[in-house]
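Compute the structure for the input listed below.
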Amino acid sequence: MPKFGVFSDEGCTDVFDSREEAEAKADEYKAEDDGYWADLIYVEEMCPDHEQQARSSCEDCFGEEDPA
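Below is the predicted model:
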C-alpha cells in the first residue's frame, strides 16, 4: 500500500497512509500561510524504497545525470 507525503520547498514534511490524510494536512499548511509559500505545498506518492523521497522524483531511483 503506497504512502503519501506532504512536500514543501524544504522537502517532505509529513507522511500518511492515505492521500486524503496527506491532502488534509497540506490544506492545513496552506491555510496557515496563504501567500507565496502556500503555492509550494503539495502531495505526492512516496518512493517505496527510499524514505522522504517522492516516487516521481526519487534521487536514488532516478539518479543524477552525469555531466557531459
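
shaky segments in this protein?
In the prediction, the chain carries residues with pLDDT under 70 at positions 64-68.

again, 50 this time
Applying pLDDT under 50 to the chain picks out residues 66-68.

Identify the single longest helix in it, thanks.
With secondary structure taken from DSSP state H, the chain has its longest helix at helix 19-32.

Would you mind listing the outside residues contacting it?
For helix 19-32, the external contacting residues (CB atoms under 8 Å, 6 or more residues apart in numbering) are 4-6, 8, 13-16, 38, 41-43, 45. To be clear about C-beta, it is placed using only N, CA and C from the backbone, and glycine gets the same treatment.

Now do the buried residues in stretch 11-28.
For stretch 11-28, the neighbour count (16 or more other CB atoms under 10 Å) marks 14, 16, 21-22, 25-26 as buried.

Would you tell me what the next helix or strand after the longest helix of the chain is?
Remark: after helix 19-32, the chain's next helix or strand is strand 42-45, criterion DSSP states H and E.

Neighbouring strands - and their directions - for that following strand?
Paired neighbours of strand 42-45 in the sheet (DSSP bridges): strand 4-8 (antiparallel).

what separates the strand it pairs with from the chain centre, distance-wise?
Taking CA atoms, centre = their mean, to the nearest Å, the mean C-alpha location of strand 4-8 is offset from the chain mean by 3 Å.

then the helix or strand just after it to CSV, C-alphas only?
The helix or strand immediately downstream of strand 4-8 is strand 11-16, counting by DSSP H and E. This file holds the C-alpha atoms of strand 11-16, laid out as CSV (Å, rounded to 0.1, in the frame of the first residue of the first chain):
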residue,chain,number,x,y,z
GLY,A,11,11.3,18.6,1.2
CYS,A,12,9.0,16.1,2.8
THR,A,13,7.4,17.3,6.0
ASP,A,14,4.8,14.6,6.8
VAL,A,15,4.0,11.1,5.6
PHE,A,16,0.5,9.4,5.7
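
relative to strand 4-8, how tilted is strand 11-16?
Put simply, strand 11-16 runs at 150 degrees to strand 4-8, going by axes from the mean of the first three to the mean of the last three CA atoms, to 10 degrees.

Thanks a lot, see you next time.
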